[in-house]
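A.B. asks: Predicted model follows, preceded by the sequence.
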Amino acid sequence: MNTKAEDTASPLDTGKLLVAAAILVGGIWGYYYFVDESVLLRAIGVLVAFVVALLVAFQSTQGQALWKFIQGSRVELRKVVWPTRQEAVQTTVAVLVFALMMGVFFWLLDMFLLWVTRILTGQGG
């Protein structure tokens, strides 16, 4: 059961998230500051900053809740019964055929309505 204390972020948690954001912004700033360095090294620096920022952020209450949600999602994803390749191909073909039929139907409907409009406005005949 959620209590009011669990719903609000403590100043320490807010600080952790701010530090994580600062680390990420610092990594991005470093990428543009060290223009003379190799792009590969700068990209690695941004990735390292991103990973460190995630590690810091996951130490907060909100980060731990997000991690629990991700773990629960993975459990639910394992429960999904995925279609076989044949089922996926058959469904795709059925959707494409239906889309083609509806496209032709709406094209014919558009041509008919255009013909009716021209007759009613006296532009064709």
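C.D. replies: Received it, and whenever you're ready, just let me know what you need.
A.B. asks: Okay, now the unreliable bits of the protein?
C.D. replies: Along the chain, segments meeting pLDDT under 70 span 1-8, 125.
A.B. asks: Map the structural domains onto the sequence of it.
C.D. replies: Per automatic domain parsing, the domain ranges recorded for the chain read 1-80, 82-125.
A.B. asks: Which of those domains has the highest mean neighbour count?
C.D. replies: Among the domains of the chain, ranked by average contacts under mean count of other C-beta atoms under 10 Å, first place goes to domain 1-80 (a mean of 13). Quick note: C-beta positions are derived from backbone N, CA and C, even for glycine.
A.B. asks: Figure out how far that domain is from the centre of its chain.
C.D. replies: Taking the mean of its C-alpha atoms, domain 1-80 sits 17 Å from the chain's own mean (C-alpha atoms, centre = their mean, to the nearest Å).
A.B. asks: try stretch 71-85
C.D. replies: 18 Å.
A.B. asks: Check stretch 100-107 too.
C.D. replies: 31 Å.
A.B. asks: So which residues make contact with it?
C.D. replies: Outside stretch 100-107, no residue is within contact range by C-beta atoms under 8 Å, 6 or more residues apart in numbering.
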